[in-house]
Structures are given as C-alpha cells and as structure tokens.
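>>> attaching a predicted model along with its sequence, questions to come.
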Amino acid sequence: MNALAEPSHKISFALHGVAAAPGIAIARAQLVSNATLEVAHYDIADDKVEAEKARFDNAIAAVRVQFEDIHERMKSDDAPAEFAAFLDVHWMILTDTQLAQEPKRIIEEQRCNAEWAVTQQMNTLVEQFKQFEDTYLRERANDVVQVVERIVKALMGKAADLPKGDALHTSALVAHDLSPADVIHFKENAFAAFVTDAGGATSHTAIVARSLGIPAVVALHNARSLVREAELLIVDGDSGLVIVNPDAHVLAEYKLKQESQRLEQQKLKRLVSTRAVTIDGTAVDLNANIELPTDLAGCLENGADGIGLFRSEFLFLHREDLPTEDEQFEAYRTVVEGMNGRPVTIRTFDLGADKRMPGLGDRPSENPALGLRAIRLCLAEPKLFMTQLRAILRASAFGSIRILVPMIANAHEVTQTLAFIARAKAELTAQGVAYDQYVPVGGMVEIPAAVISLPYFAEQLDFLSIGTNDLIQYTLAIDRTDDAVAHMYDSLHPAVVKLVAMAIKAAQKADTPIAVCGEMAGELRLTRMLLGFGLRNFSMHPKQLLTIKQRILTSSLSDCEAAANKILKTDDPVKIRGTLAKLNAL
Ligand code: PEP
Ligand code: MG
C-alpha cells in the first residue's frame, strides 16, 4: 500500500509561513535534531549498522588528528597556556567512552545514523553537566557541544548512504533552521520538501531549496516543536502553508492540484527551444542561476541562454579547508564546457554573513550582513582572491566566461578588483598558461549606493547585474534571513521598484548591459513590470525559466511600459499592486 495514501486519524492543523520554493509535496515529516546542531535523522538498514559504526569511528579518528595538528601548531606558535588547557579538556571529552563509544550503542539499538546518535548523546551529556553545582563543571557543557560539532562536521564531510528511493522522496525535512551549507549537503539527496521555523524567502537556504526544485516553506516559527516524526504533511510552497495530518478531503484536493501542476510543467517543456520574445517581437535573454556544477543538467533541460549567476562560494561551503586553484579550475571548466559556448557568469566568492567558511571572516559580528562579506572579504584575503581569479581565468580558455563581482559600493573596490585581475593575467602570461584576455568583468548592484552611483560603475565595468535579494535587504533594512521580519520583506515596496527601474535606466543610458539575477527575476507576477522598466536580461533558478518564458511570449511591451510608468509615479503600495494586477490580467 502507498504509505501516503492513507489519511491520518490524528488531529489536523495548519501552519502559515513564508512561501520559499513553489510546488506541492505530500510527505512524511522527518525531524531534524533540536540540538545546537541541526542534523538529519534517518534509519539505517540492519546490514548497514556495522558500516555506520565504522563511519562514526572514522569521524572520531579524524577529529583526533585535527586536535593533534592544533597541538603541534600551538607548540610552534608559542600559544598561551590557557589554550593548551582548553585543548586538553576537548581531548578528554573526545576520548571519553561516553562520547567515543556510547553513540555506537545508540546506532545499534535505534538503527539510526551516526550524526543523530552522537547529537542524542550530546543532549544527554549536556543535561548531566548542567546539573553540576560547580560553575566550572557546568560550563563544560559548551565544550561538549563544540567537540560534537567537530565530530558531526567530520561525519558530514563523508556522509553515509542516505535512504534511497521512496523512503527519501516521501520525506519532508522539518528543522528549526538550516544553514546554506546544510542544504547544499542535502542537494544530492532528494527530499520531497523543506520546512523551517526560521529564515526568509530570499535567505540562501530558501534559494538552494528552490534550485532543488522542491517545495519549501520557511518562517513557520514553531513547526519543529509542533510536528511529530513521520506525521503526514502537505507542504504548499505556493501559498506558504503546511497542513499537518490532513483529512481525506484535503488530501484528495491537494493530490489533484499536484497532478495539474505536473501536467502544466510537462506542457511548458514544449517551449525549451523557443526564443523568448514579446508579442511585439523584442527578444529577451533568459539565463540560469546555479550553485554547483551538478545544476547544469537543469539549465540545459530548461533551455537557459547561459548562466547569469554561478554562486561559486557554494562549491566549498561544506568544507573545512580552502579550495585549491586546480579544484576550482576543474569546477569552472566543467560548467563552461557543459554550457557549450553559451556564456557563464562566475560570481567571485560571496562569503560572509550567512555563508561562513571556517577560518574566513567568521569572527563574531553584530551585523554580519553589513560586515566583511563578498568583495570586501576577498580584497581583505588576497591569497583567496588571487587563487580564485587564476582558476576562473584558466577556465576562460575553454569557453565564454564572465567575472561578476558581488556587493560593489565603493569606487576603490572596482579599481582594486581590476588590478587583481590584471595581476592574475600577468602571472598566467608569464607562466605560459592560456586564458581569455578579454574576459568581461561585471559588478552586482545590490546596495542602494551602487544604484545611485551607477553611472560611475557602468563606466568602469563591462556589465552589471542587479542582486535584488540584497538590494531589498539593504534598502528596507530587513535581514533577509530573519523570520521575525520576513513579512516586511517586499519586492514591491515603492522604493525598491524605483531603485530597480533607476538602475536599468542608468545602465541603458551608459550603454552597459544590465541583468537582474536576484529572485525578482524569477517571480512571475513581476515579469511584465520588469519588461516595462526596460529589462531584457533575466537570470533565475533553472526550474523557473519556462514559466517566465511563457509569460514573456504573451506580453505586449507597450502595455508593460504604460503600467511600469504608472507604477513609478506613485508611492502608494496599494496602487502599485492594483496596477500590477491589472497588467498581469491582460
Ligand atoms: C542577490 O543578492 O540578489 C543575489 C543574486 O545574490 P545572493 O542571493 O547570492 O546574495
Ligand atoms: Mg547578493
């Protein structure tokens, strides 16, 4: 019998959140650990238990090696004695049977994955430490968590076989929060949906979920505590609704909706090789946003004209160490060769804020989104930046590559970046390594300052791309990852639409090509407005390409322009929405 066919007899209720990735999933809840560490929980088949225990032992061994390394480095660095004492405590925790052995008993007893077993044991130990009268001992609970974090990272670096087939496709992950690195880790493992308490619709976690093509709802506030393991869920990623234990009628209704969406998607496939032109014959470029080379298949299947945004930092988010030049070169070359002559826009590392990498710009910061991130971080880490630029340039010998610089705001950032690129080119020339000497360099317009000073940037750079996700965050002072303010994050705020239109107009005046690569480019209700502003280059996650193409094919530019002018003349959000609704109804 189909595990999802049977309606539950438990209490049915609905949770409202923010729609983060479209589509409908009907799936069993799979809770992600409630501990500081968010790890997935899944069953291990009887014949895989020994292998899972061995995987745990390997992770412990890997962390031992890390500690030994740190110990050696401390000797040569003349580190203060407190560091040594601190390390000794961690070593003791790691080697104690409570942590080194007990999780294996849990794996065997509960037939669960090692990450889950070790976090369960961590929770038990933390509770025990908290009972101590002695303050020093009570505080050691934090050390237990830190050691377990290392073990879990070691485990995730080499993940076990996740359940395959139906068991996985019918699971919806329910977590308090997931980091972009967690979601990337799940990328190879096709869950049916994501549901989180935290986050906003344009948080990187939501963006990756969207690129996976699975429905996601975020900002649910307390789904993790209300939903129980294996409860049946309907995840409606179109309206931001999660229905827990639906009754038979609701279930039947959603199955129908799911089927009609599937048919709609199938129909859209006819447009794959159709050129996107408006009714009046104006051509529009439709590019794809990707995070990993494995996203290439989706770009080709959906007829992308090129890659408008390769978020290169996602390649390495789940790693402990920095990627080598050769590793990066291979990744970039795979993408550019896979695109077969079509342009590939590689954004240089946009690390920092919610995309942290151990050892890089990850010092505590009150306002990480305003701190050392993106191009600021790259310029502060010349070795990291040069390594990436050399790798991109080397890959440019294999196809059409463009370099895109994130978060430009100041003139010197562009000047310095261009100087870095010139130096990387000079090095490669001296070494006799091939590259495209005319590789175009562009900048992301995602800070209001960049819009206002756009004529300057247009003069210095070959192309521009509006990152609306950050542009909205920085214009409205809304943290895009914070569920408490997610409802105020508004792509139709009068100030946002004016800034986007202003950037497009200024770039046209300077004769510099401009695209939108933020999530606004893939929002169906905004397509005609953006066309009306003069946008002719959209970049979005591949799954959205055909839907947007269909809208362009049925749009009249003169109608779009008339409505866009009206939208730009008002500061009344209700009027903006009204004009847009009329435009979309045409
Ligand atoms: C943006 O900010 O709109 C953008 C495309 O970049 P990211 O979402 O990766 O910050
Ligand atoms: Mg951005």
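The structure has been received and is ready for your questions. Ligands and ions are numbered 1, 2, ... in the order given.
>>> now the spatially closest residue to Val445 that is not a sequence neighbour: how far from Glu68?
Leaving aside its chain neighbours, Val445 sits nearest to Ile466 (4.7 Å; criterion: C-beta to C-beta, 6 or more residues apart in numbering). To be clear about C-beta, it is placed using only N, CA and C from the backbone, and glycine gets the same treatment. As judged by C-beta to C-beta, to the nearest Å, Ile466 and Glu68 stand 48 Å apart.
>>> which positions in this structure make contact with ligand 1?
Ile207, Leu309, Arg311, Asp350, Glu446, Gly467, Thr468, Asn469, Asp470, Cys517, Gly518 (C-beta under 6 Å from any ligand atom).
>>> of Ile466 and Glu68, who's got more company?
Using other C-beta atoms under 10 Å as the criterion, Ile466 and Glu68 rank with Ile466 on top: 29 against 11.
>>> would you turn the residues of the chain next to ligand 1 into TSV with neighbour count?
Output for those, formatted as TSV (neighbours: other C-beta atoms under 10 Å):
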residue	neighbour count
Ile207	25
Leu309	27
Arg311	25
Asp350	26
Glu446	26
Gly467	28
Thr468	26
Asn469	23
Asp470	23
Cys517	29
Gly518	28
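>>> for those residues, which one is nearest Gly213?
Using C-beta to C-beta, Ile207 is the member of the residues of the chain next to ligand 1 that sits closest to Gly213, with 12.3 Å.
>>> is Ala288 in a helix, a strand, or coil?
When classified by DSSP: H, G, I helix; E, B strand; the rest coil, Ala288 comes out as strand.
>>> what bridges to it?
Beta-bridge partners recorded for Ala288 (DSSP bridges): Ile307, Met540.
>>> strands paired with the longest strand along the chain, and their directions?
What stands out as the longest strand in the chain, according to DSSP state E, is strand 24-31. Paired strands of strand 24-31, with direction, are strand 171-175 (parallel), strand 232-236 (antiparallel) (DSSP bridges).
>>> quick check: the residue lying closest to Thr334 once chain neighbours are set aside vs ligand 2, distance?
Residue nearest to Thr334 in three dimensions, not counting chain neighbours: Pro293, with 4.5 Å by C-beta to C-beta, 6+ apart. According to C-beta to the ion, to the nearest Å, Pro293 stands 21 Å off from ligand 2.
>>> doesn't Val336 make contact with Pro293?
No. Checked against C-beta atoms under 8 Å, the pair Pro293 and Val336 is beyond contact range at 9.9 Å.
>>> between those two, tell me which one has more neighbours.
More crowded of Pro293 and Val336, by other C-beta under 10 Å: Val336, with 25 against 18.
>>> where does the more buried one sit, in terms of helix or strand?
Using DSSP states H and E, Val336 sits within helix 325-338.
>>> pLDDT on the next helix or strand after that helix, on average?
Downstream of helix 325-338, the first helix or strand assigned by DSSP H and E is strand 344-347. Per-region confidence: strand 344-347 scores 98 on mean pLDDT.
>>> ditto for stretch 307-318
The pLDDT scores in stretch 307-318 average 88.
>>> alpha carbons of that stretch, as PDB, please.
Presented in PDB, the C-alpha positions along stretch 307-318 are these (Å, rounded to 0.1, in the frame of the first residue of the first chain):
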ATOM      1  CA  ILE A 307      24.400  31.100 -16.800                       C
ATOM      2  CA  GLY A 308      23.800  34.600 -15.400                       C
ATOM      3  CA  LEU A 309      24.900  33.800 -11.900                       C
ATOM      4  CA  PHE A 310      27.200  31.000 -10.700                       C
ATOM      5  CA  ARG A 311      27.300  31.400  -6.900                       C
ATOM      6  CA  SER A 312      30.800  29.900  -6.700                       C
ATOM      7  CA  GLU A 313      31.000  30.000  -2.900                       C
ATOM      8  CA  PHE A 314      28.500  27.200  -2.700                       C
ATOM      9  CA  LEU A 315      31.100  24.800  -4.100                       C
ATOM     10  CA  PHE A 316      33.000  24.900  -0.900                       C
ATOM     11  CA  LEU A 317      30.600  25.900   1.800                       C
ATOM     12  CA  HIS A 318      30.500  22.500   3.400                       C
END
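>>> next, count neighbours for the nearest residue to Pro494 once chain neighbours are set aside.
Counting by C-beta to C-beta, 6+ apart, Asp571 is the residue found nearest to Pro494 once chain neighbours are left out, at 4.5 Å. Neighbour count of Asp571, defined by other C-beta under 10 Å: 11.
>>> I'd assumed Asp571 was in a helix, is it?
No. The assignment for Asp571, made by three-state DSSP, is coil rather than a helix.
>>> quick one: low-confidence ranges for the stretch 1-150 of the chain?
1-9, 33-38, 73-86 (pLDDT under 70).
>>> pLDDT at Phe186, what is it?
We note a pLDDT of 64 for Phe186 in this prediction.
>>> now the one 4 residues further on
Note for Ala190: predicted pLDDT of 67.
>>> do the one 5 residues further on as well
Looking at Val195, its pLDDT is 91.
>>> now Gly338
95.
>>> and what of Leu492?
Confidence at Leu492, expressed as pLDDT, is 97.
>>> right, and it touches Gly578 too?
No. The criterion here is C-beta under 8 Å, and Leu492 misses it with Gly578 at 11.0 Å.
>>> so the two - more neighbours on which side?
For Leu492 versus Gly578, neighbours defined as other C-beta under 10 Å are more numerous around Leu492 (17 against 14).
>>> for the stretch 301-450 of the chain, what lies in contact range of ligand 2?
Glu446 (C-beta under 5 Å from the ion).
>>> can you show me the helices along the stretch 301-450 of the chain?
Ranges of helices in the stretch 301-450 of the chain, per DSSP state H, counting those that start in this stretch, are 325-338, 374-380, 382-395, 411-431, 448-452.
>>> which of those helices has the lowest mean pLDDT?
Ranked by mean pLDDT, the helices of the stretch 301-450 of the chain bottom out at helix 374-380, with a mean of 91.
>>> which ones are touching Gly23?
Residues in contact with Gly23 (C-beta atoms under 8 Å, 6 or more residues apart in numbering) are Gly213, Ile214, Pro215, Gly237, Asp238, Gln261.
>>> need the max-distance pair from these.
Greatest spatial distance among these (C-beta to C-beta): Gly213 and Asp238, at 13.7 Å.
>>> point out the residues in this structure that sit beside ligand 2.
Counting by C-beta under 5 Å from the ion, the chain comes close to ligand 2 at Glu446, Gly467, Asp470.
>>> quick check, nearest of these to Ala506?
Once C-beta to C-beta is applied, the member of the residues of the chain next to ligand 2 that ends up nearest Ala506 is Glu446, at 15.0 Å.
>>> can I assume that closest one is in contact with Gly467?
Yes. Counting by C-beta under 8 Å, Glu446 does reach Gly467; the two are 3.4 Å apart.
>>> find residues that contact each of the two.
Pro406, Met407, Gly518.
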